[in-house]
Every structure is written in C-alpha cells, then in structure tokens.
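A.B. asks: Okay, here's the prediction I keep looking at, along with the sequence it came from:
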Protein chains: 4
Amino acid sequence: MSNKLSVGILGATGIVGQRFIQMLERHPWFEVAWLAASDRSEGRPYAEAVRWRLKTAIPADVARMTLAPAKPEGAPKIIFAALDSSIARELEPQFAAGGCAVVSNSSALRMQADVPLVIPEVNADHIRLIDKQSWRSKSGGYVVTNPNCSAIGLALALAPLHRRFTLETVMAVTMQAVSGAGYPGVPSLDILGNVIPYIANEEEKMEEETQKLLGTLNGARIDPAPFAMSAQCNRVAVEDGHTESIAVRLKQKAQPQEIIAAWNDFRAEPQQLRLPSAPERPVVYMTAADRPQPRFDCDLGGGMTTAVGRLRKCNVLDWKFTSLSHNTIRGAAGAALLNAELLKAKGYLG
Amino acid sequence: MSNKLSVGILGATGIVGQRFIQMLERHPWFEVAWLAASDRSEGRPYAEAVRWRLKTAIPADVARMTLAPAKPEGAPKIIFAALDSSIARELEPQFAAGGCAVVSNSSALRMQADVPLVIPEVNADHIRLIDKQSWRSKSGGYVVTNPNCSAIGLALALAPLHRRFTLETVMAVTMQAVSGAGYPGVPSLDILGNVIPYIANEEEKMEEETQKLLGTLNGARIDPAPFAMSAQCNRVAVEDGHTESIAVRLKQKAQPQEIIAAWNDFRAEPQQLRLPSAPERPVVYMTAADRPQPRFDCDLGGGMTTAVGRLRKCNVLDWKFTSLSHNTIRGAAGAALLNAELLKAKGYLG
Amino acid sequence: MSNKLSVGILGATGIVGQRFIQMLERHPWFEVAWLAASDRSEGRPYAEAVRWRLKTAIPADVARMTLAPAKPEGAPKIIFAALDSSIARELEPQFAAGGCAVVSNSSALRMQADVPLVIPEVNADHIRLIDKQSWRSKSGGYVVTNPNCSAIGLALALAPLHRRFTLETVMAVTMQAVSGAGYPGVPSLDILGNVIPYIANEEEKMEEETQKLLGTLNGARIDPAPFAMSAQCNRVAVEDGHTESIAVRLKQKAQPQEIIAAWNDFRAEPQQLRLPSAPERPVVYMTAADRPQPRFDCDLGGGMTTAVGRLRKCNVLDWKFTSLSHNTIRGAAGAALLNAELLKAKGYLG
Amino acid sequence: MSNKLSVGILGATGIVGQRFIQMLERHPWFEVAWLAASDRSEGRPYAEAVRWRLKTAIPADVARMTLAPAKPEGAPKIIFAALDSSIARELEPQFAAGGCAVVSNSSALRMQADVPLVIPEVNADHIRLIDKQSWRSKSGGYVVTNPNCSAIGLALALAPLHRRFTLETVMAVTMQAVSGAGYPGVPSLDILGNVIPYIANEEEKMEEETQKLLGTLNGARIDPAPFAMSAQCNRVAVEDGHTESIAVRLKQKAQPQEIIAAWNDFRAEPQQLRLPSAPERPVVYMTAADRPQPRFDCDLGGGMTTAVGRLRKCNVLDWKFTSLSHNTIRGAAGAALLNAELLKAKGYLG
C-alpha cells in the first residue's frame, strides 16, 4: 500500500484535468484517488468520459476510475481544481468549507483579497494568506490559486527583473496557443490561417494578476506591485505555448548582460526545497536571434521553464524581449501542482 | 491598339511580382509590356519561369511573354520593381539613370534622403523630392518607393490620428503572414504550429519608415515625425494579412468616438483624385469585439483598406487597438501601383 | 417591387446557411424572404444570431431580417434546407406536407426511394421522382436533395467517364476540409498539425449516394449504378475544398487523352439551359503535375467547377487521378441552388 | 574511454541527419565520431552549420564537432548516410569502396539488385545480399539501405498480413508530413491550408520498394512479392507522421479478429535479439474509431511502432484500414539505426 497523499481532481476530463493526471502519474508525493467532472460524466469510467488529447496514454489505473459526484463528501482532503470559472465560484468554496485544501487553476477566486495567488518562485510567502481565510479556522480547508496561463510566463520573466531593477512599466502582447481555451475550445474554422485579436477577459486578468503576484503581503491583504501594466491578447494557430512580446521600463538602469544574468541566475524556494515539479532553472535566456519558439521550446524543463530571448533596446521603454511558457503545464496543471508541493513542504497539507 | 501606358515589372516571378501582374490585369491606365526576373529566368516564357501562387489564373497574354534581360535598354519607361534588396540596390539606379520612372517596393533606397517613401493617402506631397534626384535632371528617370508591408498598415492606421491628435508615442507588435517573406520564403517546418519572434531588419524598417512617412517635407529632405516609436515583429502561420497590436499616446486627448471617427472619415488625395486602385475608404473601424482577423478581413477594399478594431484604454499609453492590412496588396504591389497612379495624376509619368 | 421568387432558408445561421445567403445575394431569380434556424435564434435579427464565417459581408437586408419560427406557416413556398440530419428528418416532411418545395442539403431523406438525389449535370432526369411523392399529390410540396459534399465532387468527376466508358470499379480516399463539419465543427485541438482518419457515416454516404446519382430512373425508383465502390474518408487542416485520390476501372478501355477530353468536353443540361449558377465547365482537367490543390483551385468556376488532375495508370485498377471540389459551394449551398434553378427551368416551382 | 563503435554521419545537417544525432545520443553500442555534410559546411562547428529543427537540444559533444570533408579517408568504418539521392549515388559507392559499412537512408541504390533494402522486422534475411557486393570482397565495405519513409509504414502494416494470409492486391493513398521533404523542404506558402497531391517519384518508390521488401531472397537477387500494388501520394500540413489509407485483398480469407491479432502479435528478429532501437511491438492496432492520428500517435514505441486502425470491410478489395508511422524516426533515421543494430548482431560490423 502506498503512503502517498491521496488527491482528487475536479474538472478531470478537461484539457487541464488531463495534464494533472499526466503529471501526477509517477509523482513521488501524491496519487490520484478521486476524479469528478460535470454531472454528465458522473458514474462513468474515466476512459469513457474523457476525450483524451495528450500524446501519452491515460494511466491504466486512472482509466478505470469511476467519476464521482462533484461534492466534498467522500473526496480526498487535497483537491486540484480545473473548473470553468462560473462552476468554480460555486464549488471551490464548498470544498474549502468541507475541509479540503483546494489548489485551484480557476480564475474565480484569484483576486479575492484573502486568497493567495501564487507562483512558488515568485511569491511563495503569499501562501500565509491562507491563515486569514474563514474556511481555515472552521474546517481546516482553504483555497490557493495559480494565475492565468498568460500571466504566469510573464510573471516568471518579470520577477527576476523586478527583484534586481524594480519594474516601472510593463507592456505585453500575447500570441496564445489554442489549448489555453480548453476542449473543444477554439473551432478550427476560427483559427486556421488566422489570428484572433481577442480573448474574453484575458487582458484584465493578465494586468491585475501580474500586479498581485509581484505585490507585497501586508497582513491580511496583498498590496499590488505599483508598476504600470498593459496587455494585449491574441490567439494564434499553435497547439501549446504562449509567446509574448514584452517591453519594460526599469527603475535601476541595467546593462543587457545584467538582465540576462538576472534571468539565468534566478533560483527560488522551489529550487532550494527541491520540490519534485520545480525546474532546475525557472527562467532560461536563449541566445539564438529567433528564439524562443513555441513548437521547439515550450517543453524546456519539462514544460516548467519559461524561455526568454531577443533582449534589445526599446525606443519607448527601456527593453524589449520575447517570452514563452507552456500554457497547460507551467501555465495551469504544473502551476497548481507546484503550489501543492510548496504547501506540503510548508506544512499546509497536514 | 491600346493607348494605355506600357509598364515593365522587375522581379516579375516573385510573390509581389505576381501580385503586380494580377492587379494590372484589367488596369485602366497601365498595361504590362515587359517582364524581367533573375538571370536564370531570362528568355523563358513567363508561365514556365514562374511558380504562380495566386488563386486567379495567370493572364493569358502575360503567360506567353518572354522574360527580358534585367536591363533598362528596351524596357518601358515605367518600371514596377519587386526585387530583393541587394539586387534592387544595384539595378534600380541603373533604370533611373536610364530614364525610367522606377516605382519600387524594395527596401534598398527607401531611406535615401532624396528618395520619396510614399503612401498616397499619407504623404502624397513627398513625391516632390523626385525633383531633387540627380537622375531626374539627367535622364528624366527617378525612384519612388513604398514602405515595408508591416509599416504600411501601421502608417495608415496612424495617419488619421497623427493629423487630428498628434502622436507622441507608438508601440507596435506585429503578427505577420508568411507571404511577406516571398517564395519559397518561410519553410513549413519553421512555421506550422509555431510563432517566429524574429524577422531580420523588420523592426528597424518599421520604426524609421513610419517616422519618415509621417514626417515633413523640408526642401530637399524629410524631417522625420518626432514621436517615439518601438516595434516588435513576429511571423505567424497565416497566408496573407499582417495583424498588429498597437498602443499610442496622443498629444491632444481624445474620446474613443473621436478616434473612431478620425479613422472612418479619413479620405485623402487618392480618394479625391479617384485613382483606380484607391479604396473608397483607406481605413475602416470594425466594431465586433474580435475583429479584424486576417482570414476574414484582409481583402477589405480589394485588399487596399486597412482594418482597425478593438480600440480601448491603455494603462501605460493612452489607447490600444488592432490593425490589419493585406501585406502583398496594400503592403506591396498595390502600394506601388497606387504610387504610380498618383505619379500619373500629378504629371510625373510624362 | 421585385418580381423574383421568394425563398426561405432553414438552418440559416450555419455554415451552409451562410453560403446560401452569400450565393443568393444577387441572384437573378430568387430572393431571400424568410430565415429560420434553431429555437434559440428565433426572434433575433440575423446579424446578431449568426456567427458569420465568410469573407464577404452579410447582405444588409438579410442582416436586418428577424429569424422566424421553423414552421411552414408563413414560410415561402421555396425552402432551402441546411439542417442537421436529425432535425431535417423531422422538419423537411412538415414543410413538404405544408406545400413547400424543399430543396435540401441534408442527408436525412437522400436515400429514400421516392426522393430524388440530384446533381443537375449528372442526373437531371431523376427529378421526375418528385411526381411519385405523396406530398406532391396532396399539397403540391416535395423534397429534392443534393448529395454529401464528398460525393458531389466524386460524382462530377465520374459522370463523364461513366457515360463514355462505363465504370466497373471506383475507389476513393478523401482529404476533407473542416468547413464540411459545420460550425463550431472540428475543434482546432483536433486538427492542427493532424489528420483525422474518420468522419462519422461519411464513407457509407459516399458509396451509396454515388451509386444512386449515377443510377437509372426506373419508374418510381432509382436502380443504383452497378459498379463496385469503396470510400475512405479523412479530415485535414484545410478550410475549404475536398481533395480526393481516386482509382477507377472502366469497361471500355480508353486512352488518357480520351479520358481528359471526356472531362473537358463534359456539358449537360445546366449549361444548355444557362442556369444562373451553372459553371461554364462542370469539370476541368488541370495539366500541372501537382494540381488541383484546395487553396489555389477550389474557387474555379465560382466554386462550382470540379477540378481533376494527375491522370496516370494504376497497377491495380486502370486509372488514378485527383479531384477537388469546393465543399460548401458545389458541395452544399451551390448544389441546392443549382437544383432549385433546374426545378424552376423544368416548371417545378409553379 | 568508451568501447562503443565509432560511427560517422553523411548528411549530418539535414532533418534526417539531425534525427541520427538525436537517436545516437545515448546509444549503447554506437557513438558519433565524425560528421560530414555539404562542401559549404566543411570545417565549421556542427552547431553553427546546422539549422537544428528538433525539440531536444543538440548533444553538447556533437555541437562542438567540426564537419569533415565528405571523403572516406579518415571516416569511421560505419557510416550512416542521409544524403540527397543524386549525391548519394556518387558518394555511397566511394565509402563502400573505401571499406565502410554504409547504412543508407537514401533512395539512390535501394533498387540495385545486390543492395539489400531492409526493415529488420520484415526481411532481415535480405542482408545476406551484402556478400554478393563487389565492394565487400575487395575492401570489406558494403551498402545496406532502408526504404522510403512512406514505404516503411506500409510494409510494416502489410508484413504480418502477408505472412499469414498472403497479399494479392494492395492500394495505398498517403497523407505525408512535411518533414519528409527535408529542410527547407516544403514552403509554407505551398502547404498552409492546403493538400499537395504530388510528391516527385514517391509513388514509384512505394510500389517497387514494398514489393522488394516483401520479396524473397533468391541467391544473388530478390524476387519481388507478386501482389499488385498501387500508390497515390499526397502532402499535408502535418509536421511528423505519414498517415495512409490502405485497402488489401488477401489470398486466405480472414476474420477481422484474426487480422488484428496478426498485427498485435507480430514480433520478429529485432524483438528476439532485443536490438536497442527495436520497439517492443512493431505494429499496434488502435481500437478507437478515429485513430491513429499523426499528432497524437506518431511517437508510439519511441516513434518506431507503426499504428494501424479502422479495419473494416472494403466493397472492392477485402479490407480497408489506416496506418501511421513516424517518417523521420521509423521512416528514416530509426530505420537505418535498426539496420545497423541488426548488422552488428549478425556480425557484419566486424
């Protein structure tokens, strides 16, 4: 019998739910013990209910699991949640009230004052907000969230710069992969040979989440980072990997080699704690003139490393560069998983 | 016998050369009388030498034409040039010295002080630079250029704003179609399911050309427009149509409806002169939340209209919006053709 | 006031419904007077209810029309139907019973013994089956259908061969565009960089419909053509245009130039009657070694011409070749429209 | 110091050359000691000369290697060759004459009577042809080839059927990935949103190579398998993985479960010898109605397994099915590598 911690997955049949299952297949600390999705799926074997869209096979034991009702009764105490926002807003509080540690990828509660929005390399200390949640004191349950897939790559690329040089201004234009929209998601008739210059609510999320992530824990709330931030979001015909064209103004002026060193030398608690899903290097600068590129570089560090490249002077702000991050690994399932690993290391998983 | 003006095409077998032939097929003023391409093609019938990549058929009379040597002797006095930059730098001056009006799409001479870089709706008056060219006084020949495909859409979207509100700052991130790289151009192995965040020299061209286009004729030179300008260029898996995510700061503050009106009401000399290739409306604002999109909108106005959309507040500059322009029509062959029409209307074609 | 015939469109918001509206915009005989779609759309203006996916704009008068309930009461007497099969099976008989000429693109009734399945160039005489329909005698209404989008291109390529040389065996492998699956249809996550070797029920339809199309009217029924027929259907990442790799065995042996002449010389009633949507040439043989190709050739004849190419010997059957047909024009809306034009010319539209 | 066998790679900078380097990175028997490509590359470090198009990084030791002249002098005695056919025709005999075991992926010598064309699971015994080569007796050198990428997947899918049921007729239509054309290979302007129904010489290769592969060693030559074989080849917008729609007639009639068992139970010498690159299962039948698909299934068995699916009755021949094989792994570099492993196991590598 395994002595791993049992975890459940809410939204197990979606694209992010599938990534959770894939990433948990041989996880040293956690094992999948419970799956739930929509009412329609309840009671069916996972392999039948899912439209599996990954290259690796469904793990055999998961394939045979029956989808449970999406209720905290009978669920494990650790829940990965990959739900649509409207459903998450209803279910996640129920599971937290039911005593579960809800490690959520949904946007529903990210901006709630007492809910930590965390990238372990960026703002691990924000998890202390958990202790301000009313669920915590009543049932022991709580909610921790990770950011939007487009905000994670950005925040990881910005964090080393903000630490050393202090950001004053950030402008980002994204070219996002279709897997970010889930399944069935973007119709092929919309995206083949096309660019869609609009993703509902995405720009707002990127702007406010980035400022919360790089903000400061101040008692029971986060003071957002005070830099100005503007985002424009586009969808492109790419399967996985969000590319971003970024420009920044820094308070402390820096030489390019200092900026590159800030990225390449960046290490944080997940690396020091050797969390199982932490990449050796959270950010890697690629020197080739035309990289990073999603088809070739989004699996760096098992999909957990953010690649940056093309650092050059900007005529308006100070610097321009390109970032790339795997949107369903580092940008979703891997983000939540690393959060759970941080929680475990910090004693928040009992 | 036709009384149209005979024109020649340099670089007739390339993607832009093909567009010239397509757009000239039923042109009321000009007719194709001479074609030249690389040495390799010389002496061959056009239909054999070209790898035709357009949906319409090669016009029958052009199909049968034999490719001439790329020399001014025997060439018509009006030459459309769609050459690679290194070849253009050598050949275009030869044709100008030989008495030809060289209407060029190449980047070779665009930034030369006495060479007008023109979009007829934006800076028609710059053509007077022609009279400062030494070729002009000696042989009657001259060179007029149009901008890079990524600069044209931008300049058309900016011109109405600059006129009414004065630009202070411009930031643009492009998502450019593969046809912009010519043929064979971008290998499919490079772009399928991918974004390439680099196009050689493209950002420099966009920045300096936009400032020259919106600049002021000052005797024998152009004073570049004094706004700050920064560009980032990406290639995406789109056949035709460059999409751009743009942000601007304006000197005179404006309401969104004023900005939209500035675009929709924009008319200029080509419209007043009713030049044959001039679109009725050079710029059109699309109200749908997710437009413009290259696959659906790049043929607006016969490919000569720049579509804009998604105007919204920017947290860093004042306004953000999206532009779209057909890169081989308005951005190349159609640009040069409209320049030739302007030259004709202004008496520069004899 | 127009003296055109009023027509209605069932399923007006779908991809094929949109093509009907586009093709009817300037039609000399018909004008759109009534639109219906799903219950969800009823009562809304068309422009709001539709997710328009064509490059041309929605005709202004259609944009303002209100979607009617999908009931024969109040509908025009000529109905173009572009419904999902399960809905068509229910609604089309209601409209026929209500006295309408239902010109249907749906598969629901295609194989019903007394329902003509017609391509006007191939089997115009089959429309006489109409007179065997019980609706016809009671209300005057009837149902006429066109084939599946993959069967039409095939049947048009085969008809000239069958007439002159008699088909004995046909094998076809399709590579079908995503627009054939409607909207939202094929998710981008399923088709980017991919081939899907399966389209539900498509192979069965291709096989039986082709034999009915090339079959013989025998009183109140069609005797299917007696050749052997096998189809394999694949979906590829193409927006419009079904490509097919075909092999045939012929009863009368033929030289390649005879086969090519059979295609190029093929004309039929729609051409003789000069039906407005009839292409000048229903089938065109392309001589280039690598044609036809969907991106370049599917708009031949306004999308109503089937292109064939690559005729060469087959080691198993007699001949191999490639066909290409526009799946939402010739393969759907244009097919039904040409059927309606034939019905009008033959006196079946009152 | 390593006691692995030193190998060289001819054509090391191409797509297949890159796959050789990737697959040899941690190979238990072989190590890369020598690289050559075109004259243009000679003397340059590999990392500079190559346009690396794989997701994994260039192995560090290979990145630093200098490209040697493409001459047998100084080359190792085992050479993997991934050359264009015209160059291979000249160079491969030089290396064989120079005493090298040339394990070639090129088409140049495949159909030469005394050159074995081998898939180790299919016709391992054909390697005995080596002893008939004049190079062998003079210098010890020889040439062994693997088939075209489109023939390999086919032959692997057919071999188990031919063994048990004897093929009478085979028809195959391919949908081939762009990586099969090398780099730069297929221009994006040719393939985005398109199908190209032509690949030069591909159909001829598929037909004759399949018959040689499934043929019988008869002294100094191979008697080709006597079944009738017809191929049609298409290029599609897929990065890796050739999909084929296949139909067969069998001499011994079979039930579907027998055919599926023939595939799933198929094992051959590479599996018995436990060759390092041999997949556990050379052929796997996928039961889902819509598989195999290149994006999801072409990496099965590390890219060395051929996936089959969709077995169903054919109205013309007996059975139809779909096959999928990774074209640059099993179809090129992995094919040659497995041939080399077979040669080593059989004592042909000294």
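C.D. replies: Looks like it came in fine.
A.B. asks: Run through the neighbouring helices and strands of the helix or strand encompassing residue A:156.
C.D. replies: In this structure, residue A:156 is located in helix A:149-165 according to DSSP states H and E. Helix A:149-165 sits against helix A:120-123, strand A:167-176, helix A:202-213, strand A:242-250, helix A:256-264, strand A:283-286, strand A:306-313, strand A:319-325, with contacts defined as 3 or more Cβ pairs under 8 Å, 6 or more residues apart in numbering or on different chains; DSSP states H and E. Glycine gets a C-beta too; all of them are placed from N, C-alpha and C.
A.B. asks: Just put those in a markdown table and tack on mean neighbour count, distance to chain D and mean pLDDT.
C.D. replies: Supplementary listing: the helices and strands packed on helix A:149-165 in a markdown table, determined by neighbours: other Cβ atoms under 10 Å in any protein chain shown; distance: least, Cβ to the nearest Cβ, whole Å; pLDDT from 0 to 100:
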| stretch | mean neighbour count | distance to chain D | mean pLDDT |
| --- | --- | --- | --- |
| helix A:120-123 | 25 | 22 | 98 |
| strand A:167-176 | 26 | 16 | 98 |
| helix A:202-213 | 23 | 25 | 98 |
| strand A:242-250 | 26 | 16 | 98 |
| helix A:256-264 | 16 | 16 | 98 |
| strand A:283-286 | 21 | 11 | 98 |
| strand A:306-313 | 22 | 12 | 98 |
| strand A:319-325 | 25 | 13 | 98 |
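A.B. asks: Using JSON lines, lay out these together with distance to chain B.
C.D. replies: Output for the helices and strands packed on helix A:149-165, formatted as JSON lines (distance: least, Cβ to the nearest Cβ, whole Å):
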{"stretch": "helix A:120-123", "distance to chain B": "21"}
{"stretch": "strand A:167-176", "distance to chain B": "4"}
{"stretch": "helix A:202-213", "distance to chain B": "7"}
{"stretch": "strand A:242-250", "distance to chain B": "4"}
{"stretch": "helix A:256-264", "distance to chain B": "16"}
{"stretch": "strand A:283-286", "distance to chain B": "10"}
{"stretch": "strand A:306-313", "distance to chain B": "6"}
{"stretch": "strand A:319-325", "distance to chain B": "4"}
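A.B. asks: out of the ones you listed, nearest to residue B:233?
C.D. replies: Evaluated with Cβ to Cβ, the helices and strands packed on helix A:149-165 place strand A:242-250 nearest to residue B:233, the distance being 8.6 Å.
A.B. asks: about what we covered before: need the helices and strands packed on helix A:149-165 in a markdown table with distance to residue B:270, can you?
C.D. replies: As requested, these are arranged in a markdown table below (distance: least, Cβ to Cβ, whole Å):
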| stretch | distance to residue B:270 |
| --- | --- |
| helix A:120-123 | 52 |
| strand A:167-176 | 31 |
| helix A:202-213 | 35 |
| strand A:242-250 | 32 |
| helix A:256-264 | 44 |
| strand A:283-286 | 44 |
| strand A:306-313 | 36 |
| strand A:319-325 | 34 |
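A.B. asks: count of neighbours near residue A:326?
C.D. replies: Residue A:326 is surrounded by 31 other residues when neighbours are defined as other Cβ atoms under 10 Å in any protein chain shown.
A.B. asks: Would you state the strands of the stretch 1-150 of chain A in chain order?
C.D. replies: A:5-10, A:30-36, A:78-81, A:101-104, A:142-145 (DSSP state E, counting those that start in this stretch).
A.B. asks: Would you confirm that residue A:306 contacts residue A:150?
C.D. replies: No: using Cβ atoms under 8 Å as the test, residue A:306 is too far from residue A:150 to be in contact (11.8 Å).
A.B. asks: any idea of the mean pLDDT for stretch A:131-150?
C.D. replies: The pLDDT scores in stretch A:131-150 average 97.
A.B. asks: got the end-to-end distance for it?
C.D. replies: Across stretch A:131-150, the straight-line distance between its terminal residues is 28 Å, by Cα to Cα, to the nearest Å.
A.B. asks: which parts of that stretch are buried?
C.D. replies: For stretch A:131-150, burial by neighbour count (16 or more other Cβ atoms under 10 Å in any protein chain shown) applies to A:132-133, A:135-136, A:141-150.
A.B. asks: nearest to chain D, of those residues?
C.D. replies: For the buried residues of stretch A:131-150, the residue nearest chain D by Cβ to the nearest Cβ is residue A:149; the value is 20.0 Å.
A.B. asks: now that closest one, nearest residue through space, not along the chain?
C.D. replies: Counting by Cβ to Cβ, 6 or more residues apart in numbering or on different chains, residue A:149 lies nearest to residue A:331, which is 3.1 Å off, once chain neighbours are set aside.
A.B. asks: Close to chain D: what parts of chain A are there?
C.D. replies: For chain A, the residues in contact with chain D under the definition Cβ under 8 Å from any Cβ of the partner chain are A:53, A:54, A:55, A:192, A:193, A:239, A:295, A:296, A:297, A:299.
A.B. asks: Now rank those residues by neighbours and give me the top one.
C.D. replies: Across those, the neighbour count under other Cβ under 10 Å reaches its highest value at residue A:192, namely 26 neighbours.
A.B. asks: Could you pull up phi and psi at the residue of the stretch 1-150 of chain A found nearest chain D?
C.D. replies: Across the stretch 1-150 of chain A, the shortest distance to chain D (Cβ to the nearest Cβ) belongs to residue A:55, at 5.7 Å. Main-chain torsions, residue A:55, degrees, to the nearest 10: phi -80, psi -30.
A.B. asks: wait, it sits on residue D:296?
C.D. replies: Yes: using Cβ under 8 Å, residue A:55 is in contact with residue D:296, at 5.7 Å.
A.B. asks: can you list residues touching both of the two?
C.D. replies: Listed as contacting both residue A:55 and residue D:296 by Cβ atoms under 8 Å, 6 or more residues apart in numbering or on different chains is no residue at all.
A.B. asks: Can you tell me which of the residues of chain A next to chain D is closest to residue D:119?
C.D. replies: Distances from residue D:119 to those, taken as Cβ to Cβ, are shortest for residue A:55 (24.4 Å).
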